[in-house]
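Chemist: based on what follows, work out the 3D shape:
(one chain, ligands or ions: 1)
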Amino acid sequence: MDEKELLKRAFEVKENAYAPYSKFRVGAALLTSNGRLYTGVNVENASFGATNCAERTAVFKAVSDGERKIAEIAIASDSEEIIYPCGICRQVLLEFGEPGMKIICSRNNGEYKVYSLDDLLPNAFKSINIRNEK
Ligand code: THU
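Modeler: Below you'll find the predicted structure:
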């Protein structure tokens, strides 16, 4: 599947976003290294902090199905500006992204740019930084 097709899926699923508070609808579509496709939307809550972003919804669906490696993810919204994953989502993408994972960031007219996690999350805190030594 090419970048444009994955992005199309992100735009399609955006229609399912549950965003009654912000009215900012986001859709995400990802491909795992096994070639499986998962989509997600932002799911808001009256207790705003309980909101889940579209990117994490898609990642958590994939991981729940036993998928552990993400090859690429596309993100779509209604914004005239390109939107990028939030900080928390970048950290979650780091956990499950293949090295060189493509992050396809778009604006509402379908224009997009492709980034790597090195671009979006330099000097990241990684699992290898965790030492359980006293
Ligand atoms: N949101 C996402 O779903 N993904 C992003 O990349 C940015 C923000 C959602 C969270 C919230 O529901 C709304 O957009 C406004 O922040």
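
Chemist: identify the residues contacting the residue most central in space within the chain.
Modeler: Nearest residue to the geometric centre of the chain (CA atoms, centre = their mean): Glu55, 2.7 Å. The contact partners of Glu55, by CB atoms under 8 Å, 6 or more residues apart in numbering, come to Val26, Ala28, Gly40, Ile73, Ile75, Pro85, Cys86, Cys89, Val92, Leu93. All C-beta atoms are positioned from the backbone trio N, CA, C, and that covers glycine.

Chemist: A helix includes it, no?
Modeler: Yes: Glu55 sits within a helix when classified using DSSP: H, G, I helix; E, B strand; the rest coil.

Chemist: what pLDDT does it get?
Modeler: Per-residue pLDDT puts Glu55 at 98.

Chemist: for Gly97, same thing?
Modeler: 97.

Chemist: ditto for the one 10 residues further on
Modeler: Residue-level confidence at Arg107 comes out at 98, pLDDT.

Chemist: repeat that for Glu133.
Modeler: 66.

Chemist: if you skip the residues just before and after it, what's nearest to Leu6?
Modeler: Nearest residue to Leu6, sequence neighbours excluded (CB to CB, 6 or more residues apart in numbering): Ala74, at 4.3 Å.

Chemist: how about that neighbour, secondary structure?
Modeler: Assigned by three-state DSSP, the conformation of Ala74 is strand.

Chemist: who's it bridged to?
Modeler: Ala29, Ile104 (DSSP bridges).

Chemist: and the residue nearest to the centre of the chain, how far is that from the ligand?
Modeler: Separation of Glu55 from the ligand (CB to the nearest ligand atom, to the nearest Å): 6 Å.

Chemist: quick check: that residue vs Gly27, distance?
Modeler: 10 Å (CB to CB, to the nearest Å).

Chemist: which neighbours do these two share?
Modeler: Gly40, Ile75.
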